[in-house]
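Trainee: this one's structure only:
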């Protein structure tokens with residue numbers, strides 16, 4: 001009994017870690033992953049499209065996959081049972097994809113920047129990876145760890161109560177049962193409740209079998 005109880009207590013920490021890591025990864029993927037080493041006023045940075053909102057050396061695939069994982073974390077909060085496990089698995093796949101994409105950019109991004117520098121006559125300029133690239137790698141790694149933990153622990157996590165589900169006991173558009181007591185015996189609250197549910201408390205069909213006798 002102690003093990004499931006401890007597992008339930010991991011719900012909030014793991015979900016918060018997943019949301020924070022997903023947000024960090026998604027944001028880091030929109031920032032330049034590489035930059036040049038040298039005088040910021042030399043004009044080289046601007047000439048190759050770095051340092052501004054139109055930076056060309058970001059990680060769009062990392063951002064896209066991180067957003068998939070973030071969406072999965074949101075769905076986890078409102079689902080139950082097998083559906084919840086499937087959503088967690090999808091989030092884990094997105095997390096692993098984001099990590100693979102970030103690691104694959106380790107060599108490709110600097111090479112792209114060096115090629116661009118050569119085209120503007122600055123091929124001897126040193127290239128470095130930025131802190132945003134490190135943030136994308138670390139964030140995606142944490143996202144994988146959180147998603148993996150969720151896949152293992154989700155059977156023990158608390159679930160949203162069934163009272164939040166759409167009603168399924170009645171056909172769509174069907175009215176609740178009408179009051180069965182004579183209207184004279186209904187209190188003011190009962191009358192208002194019957195009217196609110198769409199019933200006429202003075203109707204002979206809903207006022208009891210003896211209504212109209214005598």
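Mentor: Perfect, thanks for sending it. From a predicted model like this one, the values you see are computed outputs, not experimental measurements.
Trainee: only C-alpha atoms from now on, for both contacts and neighbour counts.
Mentor: Fine.
Trainee: immediately after the helix or strand bottoming out on mean pLDDT in the chain, which helix or strand?
Mentor: Least confident helix or strand of the chain, by mean pLDDT, DSSP states H and E, is helix 44-47 with a mean of 43. Sequence-wise, the next helix or strand downstream of helix 44-47 (DSSP states H and E) is helix 60-76.
Trainee: report the mean per-residue pLDDT for stretch 156-163.
Mentor: For stretch 156-163, the mean per-residue pLDDT is 64.
Trainee: and whichever strand or helix holds residue 118 with helix 60-76, angle?
Mentor: Under the criterion DSSP H and E, the helix or strand holding residue 118 is helix 81-119. Per axes from the mean of the first three to the mean of the last three C-alpha atoms, to 10 degrees, the angle that helix 81-119 makes with helix 60-76 is 160 degrees.
Trainee: how much space between residue 103 and residue 154?
Mentor: From residue 103 across to residue 154, the span is 28 Å (C-alpha to C-alpha, to the nearest Å).
Trainee: tell me which of these two has more neighbours.
Mentor: Each of residue 103 and residue 154 has its neighbours counted (other C-alpha atoms under 10 Å); residue 154 has more, 22 against 17.
Trainee: tell me if I'm right that the more buried one and residue 86 touch.
Mentor: No: counting by C-alpha atoms under 8 Å, residue 154 does not reach residue 86; the two are 10.5 Å apart.
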